[in-house]
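Participant: give me the fold of what follows.
(one chain, ligands or ions: 1)
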Amino acid sequence: MQRQTTKQKESGAVASKQRTPTNHAAHSTKNRWKYKGGFDRARLPNVSNYYETQGLALKGKGAWRDAACPFHTDTKPSLRVRLETGAFKCMVCGAHGGDVLAFHQQRYGLSFKQAAQQLGAWRVA
Ligand SMILES: [Zn+2]
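Facilitator: Next comes the predicted model:
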């Protein structure tokens, strides 16, 4: 959610900078985004599918599920995973993040872009 807000602000700032006669062409942010490539949140994998492929058995019912934490040697399910967003938080070691992308980055030590690419959420220009 925070990221979206930032994105909106950014595109707003860009638009206000380009008050030129060619305003119309410059304004087609849709096309620019299309050709530029980059992160596409809509392409992130399904949350429960993703965690399953990561070997995490999500247990319980409701919005938050429990799983064994892969960030420390977990003897019981200490990791809480939010199905709706993919957010996770470990009650023991403190590992946490807001989505499956953050999880992937942390687990494999990847940059934002590398993780997005591996998850198929990086659009090629
Ligand atoms: Zn942990």
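Participant: check the most centrally placed residue in the chain and give its pLDDT.
Facilitator: The chain has residue 101 as the residue nearest its centroid, 3.9 Å off, counting by CA atoms, centre = their mean. Model confidence at residue 101, expressed as pLDDT, equals 98.
Participant: what residues are up against it?
Facilitator: Neighbour list for residue 101: 44, 86, 112, 115, 116, 119, 121 [criterion: CB atoms under 8 Å, 6 or more residues apart in numbering]. To be clear about C-beta, it is placed using only N, CA and C from the backbone, and glycine gets the same treatment.
Participant: got the residues of this structure near the ion?
Facilitator: Of all the residues in the chain, those in contact range of the ion (CB under 5 Å from the ion) are 69, 71, 72, 90, 92, 93, 95.
Participant: of the residues you listed, grab the buried ones for PyMOL.
Facilitator: Selecting only the buried entries of the residues of the chain next to the ion in PyMOL, with 16 or more other CB atoms under 10 Å as the criterion:
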select buried, resi 69+71+90+95
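Participant: show me where this protein has its helices.
Facilitator: Taking DSSP state H to define them, one finds helices in the chain at 2-17, 23-26, 29-36, 47-53, 100-108, 112-118.
Participant: what mean pLDDT does the second one get?
Facilitator: When you say that, I think you mean helix 23-26. The predicted confidence, averaged over helix 23-26, sits at 48.
Participant: low-scoring stretches of the chain, by residue?
Facilitator: Counting by pLDDT under 70, the low-confidence segments of the chain come to 1-35.
Participant: quick check: domain ranges of it?
Facilitator: Per automatic domain parsing, the structural domains of the chain span 2-36, 43-123.
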